[in-house]
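>>> fold the following for me, if possible:
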Amino acid sequence: MDLNLILVCVVIAVALFFSYTNGFHDAANAIATSVSTKAWTPRAALLMAAGMNVLGAMMGTAVAKTIGEGIISISPYAESAQVEMQQKGLVIILAALLGACIWNLITWWFGLPSSSSHALIGGMVGAGLMSGTAVYWWGIVKSVIIPMFASPIIGFFVGYIVMRIVLFLLRNAQYHHTMRRFRAAQRFSSAAMALGHGIQDAQKTMGIIVMALLAGGYGETHHIYDPITGDMNVPMWVKISGALAISLGTMAGGGRIMRTIGRKIIDLDPARGFVSEAVSSSILYLCSYVVHAPISTTQVVSTSIMGVGCTKRFSAVRWGVAGSIVTAWFLTLPAAAAVSAVVYWVCALIVGV
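Predicted structure coming up:
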């Protein structure tokens, strides 16, 4: 078995492991609020989220294309006839994945809901810079940095405004009866969140696997590019494997992060849980199908919870916990980039590229 094929298989395996860690790392985003308000039991919520993640993963490839073509340039390695160049491209992708996985595990251990998306993108940038690969800085600014800042701000203010409107409309409603209705509605809003998570996060793994196939010289074998339109295609086996990996990770849970999202930011009631999930899922769909941006599910859901929490009173939000979360957000891109740069250096020495 030649080294190229071994590297492609290793990259695909690590990509699926990343998708698995993404599942248990980010499972809390979709279900923490509904579990904390007792709309779902933890087991039922995890099973629901796993199923919706699979369904979401099959609904489009726009985010996968952004990851595969818009962050770093893999074409010099994919188009080269030199085996050494192809191997270097595969090592870059492998280092990016390993850096993202390591950062995911570190933040999971400390219970910090950081962004798996930004860990992956930071990993790609770090490995790309260390290897001398072209980095699409404008693409990163347009598709990563701007959405990184805009989506959580939008989540906060839209969550606050929508919750204010809901409170005004239901100001004379009987409290306990209304909360029971919102608790039932949360089953649908949390399912919508899980679907949006699948649409966003499973596609990122698909984009990485497609990059590995191209860099390893297997692009034509798997019909990655349409010969007529030139558009990038994602093979069905890539979609299915990415969907199953993130689904299995989701079923493994994420109790540490679930506690941070569901209880430590604010004590949620069903009405605020429903509004935060409805706002978050709407932003996920907008960015997936309109902007085609790989945004962070973690950031959107966390800030929407903060926004609805502020309608109780400003001090209801535990801003110390919120500050730790925001710090993790800002650290993720540079930290994952630094880890991936070191990993690339080590892997390049081992492989000899």
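>>> low-confidence bits of the stretch 201-350 of the chain, can you list those?
The stretch 201-350 of the chain contains residues with pLDDT under 70 at 226-230, 253-267, 315-322, 324-325.
>>> which residue ranges form the helices in it?
203-215, 236-252, 255-259, 270-286, 297-309, 319-351 (DSSP state H, counting those that start in this stretch).
>>> same list (the ones you listed) but as JSON lines, adding mean neighbour count.
The C-beta positions use only the backbone N, C-alpha and C, and glycine is treated the same way. Listed next are those as JSON lines, based on neighbours: other Cβ atoms under 10 Å:
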{"stretch": "helix 203-215", "mean neighbour count": "27"}
{"stretch": "helix 236-252", "mean neighbour count": "21"}
{"stretch": "helix 255-259", "mean neighbour count": "19"}
{"stretch": "helix 270-286", "mean neighbour count": "26"}
{"stretch": "helix 297-309", "mean neighbour count": "29"}
{"stretch": "helix 319-351", "mean neighbour count": "18"}
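>>> between those, which one is closest to residue 106.
helix 319-351 (8.3 Å; Cβ to Cβ).
>>> and that closest one with helix 297-309, angle?
180 degrees (axes from the mean of the first three to the mean of the last three Cα atoms, to 10 degrees).
>>> which strands and helices sit next to helix 319-351?
helix 83-109, helix 116-131, helix 297-309 (3 or more Cβ pairs under 8 Å, 6 or more residues apart in numbering; DSSP states H and E).
>>> point out the most buried one among the ones you listed.
Of all those, helix 297-309 has the most neighbours on average by mean count of other Cβ atoms under 10 Å, namely a mean of 29.
>>> and the gap between residue 134 and residue 76?
Distance check for residue 134 against residue 76: by Cβ to Cβ, to the nearest Å, it reads 8 Å.
>>> and what of residue 85?
7 Å.
>>> and if you look at residue 268?
From residue 268 over to residue 76 (counting by Cβ to Cβ), the distance is 49 Å.
>>> neighbour count winner among those two?
Under the neighbour definition other Cβ atoms under 10 Å, residue 268 and residue 76 were set side by side, and residue 268 has more, 24 against 13.
>>> check contacts around the more buried one.
33, 36, 37, 262, 276, 305, 308, 309 (Cβ atoms under 8 Å, 6 or more residues apart in numbering).
>>> out of those residues, who's nearest residue 52?
Using Cβ to Cβ, the contacts of residue 268 come closest to residue 52 at residue 33, 15.0 Å.
>>> after the one helix or strand that closest one maps to, which helix or strand is next?
Residue 33 belongs to helix 3-36 when assigned by DSSP states H and E. Downstream of helix 3-36, the first helix or strand assigned by DSSP H and E is helix 42-57.
>>> tabulate the helices and strands packed on helix 319-351 (a markdown table), appending distance to residue 337.
Listed next are the helices and strands packed on helix 319-351 as a markdown table, based on distance: least, Cβ to Cβ, whole Å:
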| stretch | distance to residue 337 |
| --- | --- |
| helix 83-109 | 7 |
| helix 116-131 | 3 |
| helix 297-309 | 18 |
